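S.K.: got a sequence here, can you build the structure:
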Amino acid sequence: MIILGTNSIKDTGFDVANSLRQNRADSSFLSKTFSTDGTHHDKGTISVWVKRSETGAEAMIYSAGASGREFIRFETNDTLTYRSLDEGFHLNTNRVFRDISAWYHIVVAFDSSQSTASNRQKIYVNGVQETSFATETYQPNQNTDHKILSAELQRLGKDSEQNGPYANCYYCEVVGIDGQQLAPDQFGEFDEDSNIWKPKDVSGLTFGTNGFYLDFEDSSALGNDVSGNNNDFANTNFAATDQSTDTCTLNYNVMNPLDNFYSGATFSEGNIKISSARYAGVTSTFALTKGKWYFEYKCVSRAGTSGFVGITSATATATNYEFGNQSGENVGYSVSLHNGSVYGNGGQVAAAGTFETIEGGDFGMVALDFDNNKIYYGKDGTWGNSQDPANGTNALSIVAVTQGASGHWRIYVGGETNNATVFEMNFGSPPYAISSGNTDGDGYGNFEYEVPNSYFSLNSKNLAEYG
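M.R.: Below you'll find the predicted structure:
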């Protein structure tokens, strides 16, 4: 189980408001072709924060050059590569990057004028230079031009020379520095209390002629450059709803493709859109032990008797798609979307019709009170069975975890037989447009319906304070 691994700082001092969510199936990317070679095209730096949405797949982060390209990407074995076909260097890490709950800060910095070859290209991750490589070949000749930040095609999220690969990633604080090989401390710093690497304000940096700063704060112009250079990137196939508030300073819960029981679910939209097919069960990246939490989900479509939403023990062994309905096999609670019944701790705890049926287009609401072991279910703004999370009335009771004795719970969604249910999860940063707009009591999240008093959205700052 992957639990939140980074950016779990209560207060960073510098907050990043937005990210860009890329979905591979949308064939989306940003691109720019500079008109000149800029300030100094043998020196430069690319800095980007990335949250992966899949592993085991090639994912292009940044690429430059319509031929003989220079690029930064994750490989199919989840290592990180910085390479140029024309310029003759190739750095491929031994380290793998498989935490899909965490934000990684990647800096590549180059200066071909350096007399020592190993100083000409550098990779840093989360403030630390990578020095262990499966492939370690540096630029053989001094003063060789680079394609990154020069008068070449530049792309974020897609190969600049080949038709693919695209990526399934979130990006934020994407910065290009033309003419300087900078260290990562120009873009981030270690938190003095937690020692976690965190971003800092980059607006005062010298960006150079072809430099840029993409902050993704304008949903109508997601490639907008705010460096002052107006080096805007063109948007291909990104929608306004691809602007996210899941960032390197406010990391939101997502569903976990590494915890895909029976491998029966497909993931998209940054792991918050789930198509759950035959006996599929999917759990969240956040594991919870205490606190009061609220989330919503949109049922995009539901077929037959399919569809379950609830919680499961973080140590439960999944042998059934209905968490809570198999005594001795798994521990959890789930509401059936097709008839409103609830299963918990090995059997049915609420009969059919207790809660309303949820069909395609409906919004579900879930309130979890782990301080008092209670669950609440609602639909389209109304809590079912006269429940009231704010007052703590008419709740379903959570029986203490007996299997594994972990005390950890995860969000769960699942399907049944061959009938697919498509869920769009909203833990505070939805993949769909919100018509009303509600936040939790600390001002976080964007929800369709009012968040119950003293309940909070599932993000890193709330987890640090209440979880």
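
S.K.: pretty sure residue 119 sits against residue 111.
M.R.: Yes - here residue 119 reaches residue 111: they are 7.0 Å apart, a contact under C-beta atoms under 8 Å. Where C-beta positions appear, they are placed from N, C-alpha and C, glycine not excepted.

S.K.: which stretches of the chain have low pLDDT?
M.R.: Applying pLDDT under 70 to the chain flags residues 1-12, 261-263, 277-280, 314-331, 345-346, 400-407, 417-419.

S.K.: helices of that one, residue ranges please.
M.R.: For the chain, the helices defined by DSSP state H cover 460-466.

S.K.: pretty sure residue 355 is touching residue 382, no?
M.R.: No - Residue 355 lies out of contact with residue 382 (C-beta under 8 Å); the separation is 10.4 Å.

S.K.: neighbour count for those two, which is higher?
M.R.: Just comparing residue 355 and residue 382: by other C-beta atoms under 10 Å the higher neighbour count belongs to residue 355, 25 against 11.

S.K.: next one: phi and psi at the residue of the chain most remote from its centre?
M.R.: Farthest-out residue of the chain from its mean C-alpha position, per C-alpha atoms, centre = their mean: residue 115, at 39.7 Å. Residue 115 adopts backbone torsions of phi -70, psi -30, taken as degrees, to the nearest 10.

S.K.: in the stretch 301-450 of the chain, which spans are strands?
M.R.: Using DSSP state E, counting those that start in this stretch, the strands of the stretch 301-450 of the chain run over residues 308-313, 332-336, 342-344, 347-350, 363-369, 374-379, 382-383, 396-397, 409-414, 421-426.

S.K.: now the ones you listed in CSV, with distance to residue 126?
M.R.: Shown next, in CSV, are the strands of the stretch 301-450 of the chain (distance: least, C-beta to C-beta, whole Å):
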stretch, distance to residue 126
strand 308-313, 31
strand 332-336, 34
strand 342-344, 40
strand 347-350, 44
strand 363-369, 31
strand 374-379, 36
strand 382-383, 42
strand 396-397, 41
strand 409-414, 25
strand 421-426, 27
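
S.K.: can you say which of the ones you listed is nearest to residue 455?
M.R.: strand 363-369 (5.5 Å; C-beta to C-beta).

S.K.: and the closest one, what does it pack against?
M.R.: strand 292-302, strand 308-313, strand 374-379 (3 or more C-beta pairs under 8 Å, 6 or more residues apart in numbering; DSSP states H and E).

S.K.: out of those strands, deepest packed?
M.R.: strand 308-313 (a mean of 26; mean count of other C-beta atoms under 10 Å).

S.K.: using PDB, write out every CA atom in that one.
M.R.: Taking Å, rounded to 0.1, in the frame of the first residue of the first chain, the C-alpha atoms of strand 308-313 are listed here in PDB:
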ATOM      1  CA  PHE A 308     -20.100  -0.100  -4.700                       C
ATOM      2  CA  VAL A 309     -18.600   2.800  -2.800                       C
ATOM      3  CA  GLY A 310     -17.200   2.600   0.800                       C
ATOM      4  CA  ILE A 311     -14.100   1.900   2.900                       C
ATOM      5  CA  THR A 312     -11.900  -1.100   3.500                       C
ATOM      6  CA  SER A 313      -9.200  -2.000   6.000                       C
END
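
S.K.: for residue 49, see how far away the residue lying closest to the residue farthest from the centre of the chain once chain neighbours are set aside is.
M.R.: With C-beta to C-beta, 6 or more residues apart in numbering as the criterion, residue 115 has its nearest non-adjacent residue at 6.9 Å, and that residue is residue 142. Per C-beta to C-beta, to the nearest Å, residue 142 is found 32 Å from residue 49.

S.K.: of these two, who's got more company?
M.R.: Using other C-beta under 10 Å, the more surrounded residue of residue 142 and residue 49 is residue 49, with 25 against 13.

S.K.: quick check, the more buried one in contact with residue 103.
M.R.: Yes - if you go by C-beta under 8 Å, residue 49 and residue 103 touch, sitting 5.3 Å apart.

S.K.: quick check: neighbours shared by the two?
M.R.: When contacts are counted by C-beta atoms under 8 Å, 6 or more residues apart in numbering, residue 49 and residue 103 have 172, 247, 248 as shared neighbours.

S.K.: wait, doesn't the first one sit right on residue 213?
M.R.: No - if you go by C-beta under 8 Å, residue 172 and residue 213 don't touch, sitting 11.1 Å apart.

S.K.: the more surrounded of these two?
M.R.: Remark: of residue 172 and residue 213, residue 172 carries more neighbours, 26 against 21, as counted by other C-beta under 10 Å.

S.K.: what pairs with the more buried one across the strands?
M.R.: residue 49 (DSSP bridges).

S.K.: if residue 282 is in a bridge, with which residues?
M.R.: Going by DSSP bridges, residue 282 forms beta bridges with residue 260, residue 413.

S.K.: count the neighbours of it for me.
M.R.: The burial count for residue 282: 28, using other C-beta under 10 Å.

S.K.: what's the answer for residue 95, then?
M.R.: Residue 95: 13 neighbours (other C-beta under 10 Å).

S.K.: mind listing what it touches?
M.R.: 79, 80, 125, 130, 132.

S.K.: ok, the nearest residue to residue 298 once chain neighbours are set aside to residue 344 distance?
M.R.: Distances taken as C-beta to C-beta, 6+ apart put residue 424 closest to residue 298, at 4.3 Å, once the chain neighbours are dropped. According to C-beta to C-beta, residue 424 and residue 344 sit 25 Å apart.

S.K.: wait, residue 392 sits on residue 369?
M.R.: Yes - between residue 392 and residue 369 there is a contact under C-beta under 8 Å: 7.3 Å.

S.K.: and the two? Which one has more around it.
M.R.: Comparing residue 392 with residue 369 by other C-beta under 10 Å, the one with more neighbours is residue 369, at 21 against 15.

S.K.: residue contacts, that one?
M.R.: If you count contacts by C-beta under 8 Å, 6+ apart, then residue 369 has 292, 375, 376, 389, 392, 395, 455 around it.

S.K.: show me which of those residues is closest to residue 41.
M.R.: Once C-beta to C-beta is applied, the member of the contacts of residue 369 that ends up nearest residue 41 is residue 455, at 52.5 Å.

S.K.: ok so, going back, for the contacts of residue 369, which one is nearest residue 432?
M.R.: For those, the nearest to residue 432 is residue 455 (21.0 Å; C-beta to C-beta).

S.K.: state the number of residues packed around the closest one.
M.R.: Residue 455, neighbours per other C-beta under 10 Å, totals 21.

S.K.: follow-up on the earlier one: just send the contacts of residue 369 back as a markdown table, with distance to residue 416 too.
M.R.: Shown next, in a markdown table, are the contacts of residue 369 (distance: C-beta to C-beta, whole Å):
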| residue | distance to residue 416 |
| --- | --- |
| 292 | 29 |
| 375 | 20 |
| 376 | 23 |
| 389 | 27 |
| 392 | 32 |
| 395 | 26 |
| 455 | 29 |
